[in-house]
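# need the 3D shape of this:
(one chain, ligands or ions: 1)
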Amino acid sequence: MEIINNEYQISGVSVLEVCKEFGTPLYVYDANVIERNYNRLINAFKTTNVEIHYACKALTNINILKLMKKIGANLDTVSIQEVQIGLKAGFAPQEIMYTPNCVGMEEISKAVSLGVKINIDNISILEQFGNKYGDSYPICIRINPHIMAGGNTKISTGHIDSKFGISVYQLRHIERVVKSTNLKVEGLHMHTGSDILDVDVFLNGAELLFDAAKHFKDLEFLDLGSGFKVKYSKDDYSTNIEELGEKISERFNAFCTAYGKELKLIFEPGKFLVSESGFLFVNVNVIKQTMSTVFAGVDSGQNHLIRPMFYDAYHHITNVSNAEGKNRIYTVVGYICETDTFGWDRKLNEVREGDILCLHNAGAYGFSMSSNYNSRYRPAEVLIKDGKAILIRRRENLEDILASQIDAEI
Ligand SMILES: *Cc1c(COP(=O)(O)O)cnc(C)c1O
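Numbering: from 1, shown residues only. Down below sits the predicted model:
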């Protein structure tokens, strides 16, 4: 989002015009940002045979998936429903990786029938899969290397208490199951879930995966998951993608030489591709002065963007209606009957009732984690592409809320 002649714009489109046309609360995504981030990754890994799988749980709108397909990404999915949406969006089955956690054989078998790549993350399913399919359906195995490249255990999946993946220390057991059921392992995977603060720590995890990979002779790819951190505020840190690209590529290419085959290197970013591209625009319903602060109460809340309340995430806020206004301090809160605070003590250009505020970095885990709590409608979604604002999800209505409820004889 840029400010041009006191008007906020997203890739040339006036945000106030978009809000006027489609109403608030409104999610708006900038296709240019998504494409730019995708290209940045591809460039950082240009010396390897890299493939980017968009982790679509971050933002699942089918039009975003179609955009990803168009710019060249494959897809990473965590449920059979995401697989089905991916197929509908036009991805070929083999362009979709299915990485579920704690699902039963029934759903896994469905994934087999749909023909997608399957990533198995526990020994029990590995055994059942081997007994049922043997070498007829190649699989990928999710290894947990137990590394912590960043500090947040709420989002980390690599620590020792984590439910994700098969511990790298159980390698012998994996090998036994693979051998006795004749499984064909075409890929190894890790996704530590933590933000990559330190490229070298991440590299150590990758090294563990390379070591494990020597034990499997039919590999086609190694998948290093995600962990690409983006900036949420000005002084926040972000993963150094170029340094990561350089260091990982060097080690990966050396591994391939030793392995005797050029494998594919896969990453599965969600947040990195879409976070910055997204904005949540909300209307200020009331300004409420209390003894402790001035609240700006908006027509949204934890039902639309739960990250501030769920992860203590910082989302930058801008008053897009009053670019010239003098700075004042506000606490921005939602309209849900919970303490749904978007931000304490934010310095904003003076906020008046009826102004529109923008929550930045709302592209990832924003709409996709939204709900109908308090029987509120979820927002509409708009994609800015080629200088146009395209509606990609209409606003909900009361029929939507009641659609799956039975009007039973009570
Ligand atoms: C959620 C998820 C990702 C994406 O994580 P981001 O932090 O959004 O990049 C990648 N791989 C798997 C298996 C995931 O569950």
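
# CA atoms for contacts and neighbours, from now on please.
OK.

# extract the CA atoms of the helix or strand that contains Leu67 and return them as PDB.
In the assignment (DSSP states H and E), Leu67 maps to helix 62-71. Taking Å, rounded to 0.1, in the frame of the first residue of the first chain, the C-alpha atoms of helix 62-71 are listed here in PDB:
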ATOM      1  CA  ILE A  62      -9.800 -20.700  -4.800                       C
ATOM      2  CA  ASN A  63      -8.900 -17.600  -6.800                       C
ATOM      3  CA  ILE A  64      -5.700 -17.200  -4.900                       C
ATOM      4  CA  LEU A  65      -5.000 -20.900  -5.700                       C
ATOM      5  CA  LYS A  66      -5.600 -20.200  -9.400                       C
ATOM      6  CA  LEU A  67      -3.200 -17.300  -9.200                       C
ATOM      7  CA  MET A  68      -0.600 -19.500  -7.600                       C
ATOM      8  CA  LYS A  69      -1.000 -22.000 -10.400                       C
ATOM      9  CA  LYS A  70      -0.700 -19.300 -13.000                       C
ATOM     10  CA  ILE A  71       2.600 -18.000 -11.500                       C
END
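
# give me the helices and strands touching the next helix or strand after it, please.
Once the chain leaves helix 62-71, the next helix or strand it forms, by DSSP H and E, is strand 74-77. With contacts defined as 3 or more Cα pairs under 8 Å, 6 or more residues apart in numbering; DSSP states H and E, the packing partners of strand 74-77 are strand 50-55, strand 96-98.

# so can I have a markdown table of those strands showing distance to the ligand and mean neighbour count?
Below are these laid out as a markdown table (distance: least, Cα to the nearest ligand atom, whole Å; neighbours: other Cα atoms under 10 Å):
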| stretch | distance to the ligand | mean neighbour count |
| --- | --- | --- |
| strand 50-55 | 5 | 24 |
| strand 96-98 | 8 | 23 |
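
# can you put the ones you listed in TSV and add mean pLDDT?
Listed next are those as TSV, based on pLDDT from 0 to 100:
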stretch	mean pLDDT
strand 50-55	98
strand 96-98	98
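
# who in the chain is up against the ligand?
Taking Cα under 6 Å from any ligand atom as the test, the list of the chain residues beside the ligand reads 55, 58, 99, 191, 193, 225-228, 268-272.

# output stretch 280-293 in PDB with nothing but the alpha carbons.
Listed next in PDB are the C-alpha coordinates belonging to stretch 280-293 (Å, rounded to 0.1, in the frame of the first residue of the first chain):
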ATOM      1  CA  LEU A 280      -8.100  -6.000   6.400                       C
ATOM      2  CA  PHE A 281     -10.100  -2.800   6.100                       C
ATOM      3  CA  VAL A 282     -12.500  -2.000   8.900                       C
ATOM      4  CA  ASN A 283     -14.900   0.800   9.700                       C
ATOM      5  CA  VAL A 284     -14.600   2.700  13.000                       C
ATOM      6  CA  ASN A 285     -18.100   2.400  14.600                       C
ATOM      7  CA  VAL A 286     -17.400   4.300  17.800                       C
ATOM      8  CA  ILE A 287     -14.800   6.300  19.600                       C
ATOM      9  CA  LYS A 288     -15.000   5.600  23.300                       C
ATOM     10  CA  GLN A 289     -13.100   7.500  25.900                       C
ATOM     11  CA  THR A 290     -12.600   5.600  29.100                       C
ATOM     12  CA  MET A 291     -10.600   6.300  32.200                       C
ATOM     13  CA  SER A 292      -7.600   4.400  30.800                       C
ATOM     14  CA  THR A 293      -7.500   4.900  27.000                       C
END
